[in-house]
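In: below is the sequence, then the predicted model.
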2 protein chains.
Amino acid sequence: MSQESADLVTTQYMTLFEPPNELDLDCGRRLGPIQVAYETYGRLSEKKDNVVWICHALSGDAHVAGKYDEGDTGTGWWDIMVGPGKPIDTHTYFVVCSNILGGCKGTTGPSSTNPATGRPWGLEFPVVTISDMVRVQKALLDHLGLDQILVVIGGSMGGMQVLEWAIRYPDVVVSALPIATTARLSAQGIAFNAVGRNAILADPDFQNERPTAPHGLAIARMVGHITYLSERSMHEKFGRTLRNGEKYRYDFNSEFSVETYLDHKGQSFVERFDAFSYLYISKAMDYFDPADRFGSLEAAFAQVKSRFMITSFTSDWLFTPQQSQQLLRALLVNGKDVTYCNIESPYGHDAFLLEPEVLGSLLTGFLASNLRKLRQGKTVLPIAENNQKNGSANHHVGRFDYPMIERLVEPNSRILDLGCGDGRLLQLLSQDRNVQSCGVEISQSRILETVGRGLTVIQHDMDAGLPEFPDDSFDYVILSQTLLEVHNPELVLREMLRIGHHAIISFPNFAHWRARWQLAVQGRAPVTGHLPCAWYQTERIRFLSLHDFEEFCDVLGVRMIVRRFLGAEGREIKHLANWRAEQAIYVISRGNGA
Amino acid sequence: MSQESADLVTTQYMTLFEPPNELDLDCGRRLGPIQVAYETYGRLSEKKDNVVWICHALSGDAHVAGKYDEGDTGTGWWDIMVGPGKPIDTHTYFVVCSNILGGCKGTTGPSSTNPATGRPWGLEFPVVTISDMVRVQKALLDHLGLDQILVVIGGSMGGMQVLEWAIRYPDVVVSALPIATTARLSAQGIAFNAVGRNAILADPDFQNERPTAPHGLAIARMVGHITYLSERSMHEKFGRTLRNGEKYRYDFNSEFSVETYLDHKGQSFVERFDAFSYLYISKAMDYFDPADRFGSLEAAFAQVKSRFMITSFTSDWLFTPQQSQQLLRALLVNGKDVTYCNIESPYGHDAFLLEPEVLGSLLTGFLASNLRKLRQGKTVLPIAENNQKNGSANHHVGRFDYPMIERLVEPNSRILDLGCGDGRLLQLLSQDRNVQSCGVEISQSRILETVGRGLTVIQHDMDAGLPEFPDDSFDYVILSQTLLEVHNPELVLREMLRIGHHAIISFPNFAHWRARWQLAVQGRAPVTGHLPCAWYQTERIRFLSLHDFEEFCDVLGVRMIVRRFLGAEGREIKHLANWRAEQAIYVISRGNGA
């Protein structure tokens, strides 16, 4: 990855909602004029199809990347992600980011001058919402002469804006990438915000017209910083180290390194942010709740048209993976195209600012596939390009079941592949059968590969069931060579039959004559080419023969549609299959009774 | 469980450390006289062997249970646990609890009068430590004429005192029960305390001699309350409910129910507690770190003689299960007798005040077994009593391997039983072979049964390995009928051979003729009396025959010491075992090469 930064940037300003065209706020009041500070990076394409719209979080601003002048020691807040050769590559994309309404970094907020009084608004400023913020951004988009966003991206409170964009402007947002966010704060999230607001409001220096509450704002920021880190990363960073020396001082000055760190974070925040904006922005986060507005989250997402990629971080306890999974479920219930990855990270909520590798790889693949969709009509990378790109041959030389599965699938159908691995089968089916596909996979590295192919994939453990997927939402649900690793096969097979019109299942045959010989004559648990692991190895947790599977189908009342059996080198076996077949492929569907 | 409360109680007071015999504090200063407030419940036995010593947490006091007079609307802070017929049964035990040094509930603290000035100490009060607190409690014990504590119990900061008691007074403390605690706060714990102290110290009302900081103390308590609850329990309790009506008010008053709750908690705390004590007590928690004092936690525990029971709560994110598991490991490394249970609870840290059932059942069993040890010399309940008590027959009629295992074990040896279930085998071995035993089990309900038998048991998933157990710490490590459920058998077997001189393993034989017949002739994965589950059921995840096991022992370079094979009804099989045996029992040990 290149370490080159974006070119020098300047913050630009635009004034919108000039009276009498003020913005109608959710609170019922009207606001205007509104000044918006924004920055752009890269070049707009002729077709204006390469717009990446970034939404910043609580304490962010329009300065995403690069420097203002050569002498700058710092860069924008997401410089690791945005720039030439970076995941959001400014050679390819035209990036826009604006400071939010209510902020204190150039866009109108409570510290701006109230035109009616000529003094700062202070607490007279109207309470604004995430939706108000996004409507201001939409006005900016219009004034920039843009009518389509390739992808709108944001983390934390930025992710709330992403959701609002997708819900409010379905025809504008081609794809949406909410990172480490939620459709609504939990009681705990509101509670932490309330503590911060209480500390500010209780600060004796806090007065209506002077945006200063040095103690209160510092305490709010300290609480925030604790919630942005994971317990583990905080402990690894500071442990119980003392600031000075090795002995306790037995007084009430800050003594542990973590205390000094929080003091510093609090203090530097007071220098660069204002207490009024903190109050207003934290309130906007508390209020955000599209599920409440629409009756349910499912209803809120009913009209969205964007492709989604949702990411969370395993150690984020402020905007938890469970909250991202609620977004996922509500989109799936609506049959929307959504990719999900719960990125393994020790860094807590701050990971979205600190984890460029995995998140960057996901962004790269997702952005590229959406641009491909706009320019070539297809999200999925052609196989030839893929091989060229990776410099690798087909990974699945040994997967004799793939060509057979391909022959069993109708063109243009909808496919769900459980345990999709690196996405090779789905890529084949997309190219040769033009299917609409979705994968389910548990391994992060395989998800990265699958996303790299331009495919849609959901990180999920299918042993927990697949309740997110509606009945009959796919034509085929595939379980290829994964049945032996499933912990709860009955649940998984029932789910496959519920979700798909057909289920396609392939597995190695335990009653192949070699296996029988080993148990019957040698008295050993079989080990063969298709059952390669010894009994004590963890990968091998289950055996079944063709008879076992068919008997089980009888128990479930399943209708058997196709049976195909393969011997060595993928030769098809027609007779004495339970003796001779090394692999079996079944197509089944719900029985009449089901 | 009876709902009867303790008799009416009165707080008693004792003055200790009168000059010139002041207490030498850890900070280097001397303090005296020290008044101690305490309460007692139940009656001291003639042999003074029934003392239960309770240590309270940050905001607690000496008033553990019962009422001061009939008109009291409230009861003591742990009334659910302490009283006639309750887990800490005041019919049986003599319970003592005192307010801590530095507190504000009757024991000398920063709001007490400084005898040198005649005014409250304020910040002139010396910084005290957990160790100082416990030394004051020990002086109280001495003055009460007691020289032995049956069990010292406490949760949260009370648990820190429990650890200090066991480390500092090994000959006094028969058993120790630290609940939801830690041997040291993590950086995150210190950070939350620091926020609270900052809020108090920044409060304009906070003055040296007036123990009042209404805003600051309230904010400290709000932060505390967030950390005492789990995200889930907070959400279930409050969700996003608004206090008044259904519409947002668009102002900065407390609006969500969770905000009102925190306001109330903060306010009521300000009325009953003082800001100085909060500063001092939170600082004492930050400083507690026996590992630092002794060089390591292992060294800190090297001299303890108490039996331990450690409990944590699955959803506690302030004093995490991982922190309790660090205590467990440090005790096991020292070969100490320690039981551990990570209680399944949604309530977070506060669960120790809210979860009477499981914690109560563990306390009851542990207390009874320690009293049994003092009075009858044995912790384990005799089997006859057990059956009488439960009104149940032997649960293990079908476990033919138990008598055989019993014959294979030398009397008076040390036994570790992996997957000990309800503890029946260990109880048998304790009674008939007089072994010292410890169980490892994953299921909470089975742990409760095992503890009820007076046994020592550790909640742990053996598939994660057993690194806590030192090499050669047991004579026998047993794995009875559990091998087929183990996900990582190689790891578990290697660990057994490392930890024990001998490993005893029993399992069903997959190469029994019935199983062979089913695969070879019927072409089906076998289902027999000893392999009762069908291929798709989750309990059955592995197969092996006697040959497979012995071959595996060869691979590991294991020495085979005894092989016993059982047929139907537990008949011993001598010939053609791999065809005829339904079950096998092996005793193995490390080979010469190991």
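Out: Yes, it's here. Remember, predicted model here, so these are calculated numbers, not experimental data.

In: got the residues of the stretch 251-400 of chain A near chain B?
Out: When proximity is defined by Cβ under 8 Å from any Cβ of the partner chain, the stretch 251-400 of chain A lies next to chain B at A:251-252, A:254, A:256-259, A:262, A:279, A:283, A:286-287, A:289, A:292, A:317, A:320. Heads up, the C-betas are built off the backbone N, CA and C, glycines and all.

In: can you pull out the strands in the stretch 1-150 of chain A?
Out: Assigned by DSSP state E, counting those that start in this stretch, the stretch 1-150 of chain A shows strands spanning A:12-16, A:23-24, A:30-31, A:34-41, A:51-55, A:82-83, A:88-89, A:94-98, A:113-114, A:119-120, A:149-155.

In: of the residues of the stretch 251-400 of chain A next to chain B, buried ones?
Out: Buried members of those, counted by 16 or more other Cβ atoms under 10 Å in any protein chain shown: A:252, A:254, A:256-259, A:262, A:279, A:283, A:286-287, A:289, A:292, A:317, A:320.

In: farthest-separated two in the residues you listed?
Out: Farthest pair in these (Cβ to Cβ) is A:Phe252 and A:Asp292. Separation: 43.7 Å.

In: where exactly do the helices run in the stretch 451-594 of chain A?
Out: A:489-499, A:513-520, A:546-556, A:577-580 (DSSP state H, counting those that start in this stretch).

In: most remote residue from the middle of chain A, which is it?
Out: Most distant residue from the mean C-alpha position of chain A: A:Val521, 53.1 Å away (Cα atoms, centre = their mean).

In: that one and chain B: what is the separation?
Out: Applying Cβ to the nearest Cβ, to the nearest Å, the value for A:Val521 to chain B is 8 Å.

In: any idea of the pLDDT on that residue?
Out: Here the pLDDT value assigned to A:Val521 is 77.

In: show me the contacts for it.
Out: Counting by Cβ atoms under 8 Å, 6 or more residues apart in numbering or on different chains, A:Val521 touches no other residue.

In: how close does it sit to B:Trp579?
Out: Noted for A:Val521: a distance of 11 Å to B:Trp579, by Cβ to Cβ, to the nearest Å.

In: and for A:His501?
Out: 47 Å.

In: likewise A:Leu381?
Out: As judged by Cβ to Cβ, A:Leu381 and B:Trp579 stand 56 Å apart.

In: what angle separates the longest helix along chain A from strand A:149-155?
Out: Criterion DSSP state H: the longest helix present in chain A is helix A:356-376. Going by axes from the mean of the first three to the mean of the last three Cα atoms, to 10 degrees, helix A:356-376 is angled at 160 degrees with respect to strand A:149-155.

In: against which helices or strands is helix A:356-376 packed?
Out: Of the remaining helices and strands, those touching helix A:356-376 by 3 or more Cβ pairs under 8 Å, 6 or more residues apart in numbering or on different chains; DSSP states H and E are strand A:88-89, strand A:149-155, strand A:173-179, strand A:307-313, strand A:338-343, helix A:444-452.

In: can I get stretch A:38-52 as CSV, trimmed to CA atoms?
Out: What follows is stretch A:38-52, C-alpha atoms only, in CSV (Å, rounded to 0.1, in the frame of the first residue of the first chain):
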residue,chain,number,x,y,z
TYR,A,38,-16.5,20.5,3.0
GLU,A,39,-13.5,19.0,1.3
THR,A,40,-13.0,17.0,-1.8
TYR,A,41,-10.2,14.6,-3.0
GLY,A,42,-9.6,13.0,-6.4
ARG,A,43,-11.3,13.9,-9.6
LEU,A,44,-15.0,13.5,-10.6
SER,A,45,-15.4,11.2,-13.6
GLU,A,46,-17.1,12.4,-16.7
LYS,A,47,-20.1,10.3,-16.0
LYS,A,48,-20.1,11.5,-12.3
ASP,A,49,-20.2,7.8,-11.3
ASN,A,50,-17.3,7.7,-8.9
VAL,A,51,-18.5,9.7,-5.9
VAL,A,52,-17.5,8.4,-2.5
